[in-house]
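Undergrad: below: sequence and its predicted model.
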Amino acid sequence: MVFSLSKESQAELQLFQNEIAAANPSDLLQFSANYFNQRLEQQRAFLKAREPEFRAKNIVLFPETDESLSRPQSAQSQSRSRSSVMFKSPFVNEDPHSNVFKNGFDMDPHEQDAHQLSQDEQPHGGEKGSTPPLPMHFNAQRRTSVSGETLQPNNFDDWTPDHYKEKSEQQLERLEKSIGNNFLFNKLDSDSKRLVINCLEEKSVRNGSTIIKQGDQGDYFYVVEQGTVDFYVNDNKVNSSGPGSSFGELALMYNSPRAATVVATSDCLLWALDRLTFRKILLGSSFKKRLMYDDLLKTMPVLKSLTTYDRAKLADALDTKIYQPGETIIREGDQGENFYLIEYGAVDVSKEGQGVINKLKDHDYFGEVALLNDLPRQATVTATKRTKVATLGKSGFQRLLGPAVDVLKLNDPTRH
Ligand SMILES: Nc1ncnc2c1ncn2[C@@H]1O[C@@H]2COP(=O)(O)O[C@H]2[C@H]1O
Ligand SMILES: Nc1ncnc2c1ncn2[C@@H]1O[C@@H]2COP(=O)(O)O[C@H]2[C@H]1O
């Protein structure tokens, strides 16, 4: 038998491969489990939001599960449950509604063949001419498990986006133009992007109004379509931003009080996304780096003085690299381009004519001397174990380390 993957499966695998390439996870199995749980939840959220639309077309997306059938039931409720399980598949060739499924759900008859076991191969000897089996992923009701990530949302098995409202073509076009290119949306697949856009609520605020108050609980995340806002921490102005920017993510990500007060400095048109949809859809994609680096940055002694906001911005700018034992990471005399934080592993620092002068391990850092003093690299750094580092480019180093720079200067190993 020639086994060929459907286009849909190939696209899904390609997406997955890209994610692995970008994250370079040390624990591939945990990463994969988290990733597919998240995909599953996104897909279900997308379907749940559209359930009424399908119900109107007599398509049952969420049949009662086998689990509910195995519980003792009255004869009446049993027959009700059974009839809802015997739904008509939207994937049957002649089903007039099958074309409502887009991206990963619609299949032409040829593709469908690839998804189907042949009649002979069906586990329970399916009868000829009976409804073809559904693709593995169809049961939108199936359970997903909780991921192990610190910032990962709780389990949202019962979650349905509360604020889902299909936008008009005109609104979609406008949103696509004004905020569709924002970094938040770039990382989303088309289903998730559409779900997020349809969950956005339009909010107009007057010049001078307080949109967020420091210390309050987080409810919404905001994207600015028109207007400008100022940010205050403890009554000191720390920032301002305008169209295309976004704010209000910190309290939703970390379940912490609002870190700043946000005040409109002109009449503003904002798009608000509720906390759950934010956590469910955006957190794992657009803010993935923050999730990935949160533990590392929190535990690095040199970064102790950074606020949650500083750490979040720093995480956005980091990249991951893995070095094998014996690999040179920095060569003495080269020009300095990056600063390195060791997530795990071990490195030797050596100098021409002096040999090994220092040994560094988990949660240490290196590569700061050249960047702080605008000098060539002062030593060679070589991995002695498999070593995973987070790297920060020169411009990020100058912009994003804030008060940690003073600590780096104080600890400069070449000062003595
Ligand atoms: N310097 C800053 N410190 C904290 N929050 C800031 C700062 N600049 C902008 N903000 C934004 O202000 C928002 C206030 O609410 P959050 O804490 O949810 O998320 C915060 C950030 O998105
Ligand atoms: N005693 C040391 N002398 C020079 N560099 C050191 C020493 N100990 C650790 N290092 C690190 O090795 C790095 C080599 O590149 P940089 O000079 O940019 O920054 C250097 C420091 O981070």
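TA: Cool, got the structure. Ligands and ions are numbered 1, 2, ... in the order given.

Undergrad: in the stretch 251-400 of the chain, which spans are strands?
TA: Counting by DSSP state E, counting those that start in this stretch, the stretch 251-400 of the chain has strands at residues 261-264, 268-274, 319-323, 328-330, 338-344, 346-351, 355-361, 365-366, 380-383, 387-393.

Undergrad: export those strands as a markdown table, with columns for mean neighbour count.
TA: Just so you know, the C-beta spots here come from the backbone N, C-alpha and C atoms, and that holds for glycine as well. Shown next, in a markdown table, are the strands of the stretch 251-400 of the chain (neighbours: other Cβ atoms under 10 Å):
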| stretch | mean neighbour count |
| --- | --- |
| strand 261-264 | 21 |
| strand 268-274 | 21 |
| strand 319-323 | 16 |
| strand 328-330 | 19 |
| strand 338-344 | 21 |
| strand 346-351 | 18 |
| strand 355-361 | 13 |
| strand 365-366 | 20 |
| strand 380-383 | 21 |
| strand 387-393 | 22 |
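
Undergrad: ok, which of these comes nearest ligand 1?
TA: strand 261-264 (5.4 Å; Cβ to the nearest ligand atom).

Undergrad: partners of the closest one in the sheet?
TA: Sheet pairing of strand 261-264 (DSSP bridges) gives strand 210-212 (antiparallel), strand 229-233 (antiparallel).

Undergrad: so for ligand 2, which of those strands sits nearest?
TA: Ranking these by proximity to ligand 2 (Cβ to the nearest ligand atom) places strand 229-233 first, at 31.4 Å.

Undergrad: and the closest one, how far out from the chain middle?
TA: Offset of strand 229-233 from its chain centre (Cα atoms, centre = their mean, to the nearest Å): 26 Å.

Undergrad: give me the mean pLDDT for it.
TA: In this model, strand 229-233 has a mean pLDDT of 98.

Undergrad: can you give me the buried ones in that strand?
TA: The neighbour-count check on strand 229-233 (16 or more other Cβ atoms under 10 Å) flags 229, 231, 232 as buried.

Undergrad: and the nearest residue to the second one once chain neighbours are set aside, its phi and psi?
TA: This means residue 231. Spatial nearest neighbour of residue 231, chain neighbours left out: residue 239 (4.0 Å); criterion: Cβ to Cβ, 6 or more residues apart in numbering. Dihedral pair for residue 239: phi -170, psi 160, per degrees, to the nearest 10.

Undergrad: tally of neighbours for residue 213?
TA: Using other Cβ atoms under 10 Å, residue 213 has 14 neighbouring residues.

Undergrad: again, but for residue 352
TA: With neighbours defined by other Cβ under 10 Å, the count for residue 352 comes to 9.

Undergrad: who are the contact partners of the closest residue to it other than its chain neighbours?
TA: In this structure, residue 352 finds its nearest non-sequential neighbour in residue 332, 5.9 Å apart by Cβ to Cβ, 6+ apart. For residue 332, the contact set (Cβ atoms under 8 Å, 6 or more residues apart in numbering) comprises 350, 351, 352, 376, 377, 378, 379, 380.

Undergrad: how much space between the fourth one and ligand 2?
TA: Here residue 376 is placed at a distance of 8 Å from ligand 2 (Cβ to the nearest ligand atom, to the nearest Å).

Undergrad: now swap in the second one and tell me
TA: In this structure, residue 351 and ligand 2 are 7 Å apart, going by Cβ to the nearest ligand atom.

Undergrad: ok, that residue - contacts?
TA: Shown in contact with residue 351 (Cβ under 8 Å, 6+ apart): 332, 357, 378, 379, 380.

Undergrad: check what pLDDT the second one gets.
TA: Translated: residue 357. For residue 357, the model assigns a pLDDT of 97.

Undergrad: quick one: it and residue 347 touch, right?
TA: No: applying Cβ atoms under 8 Å as the test, residue 357 and residue 347 come out as separate, 12.0 Å apart.

Undergrad: pull up the distance across stretch 204-222, start to finish.
TA: 11 Å (Cα to Cα, to the nearest Å).
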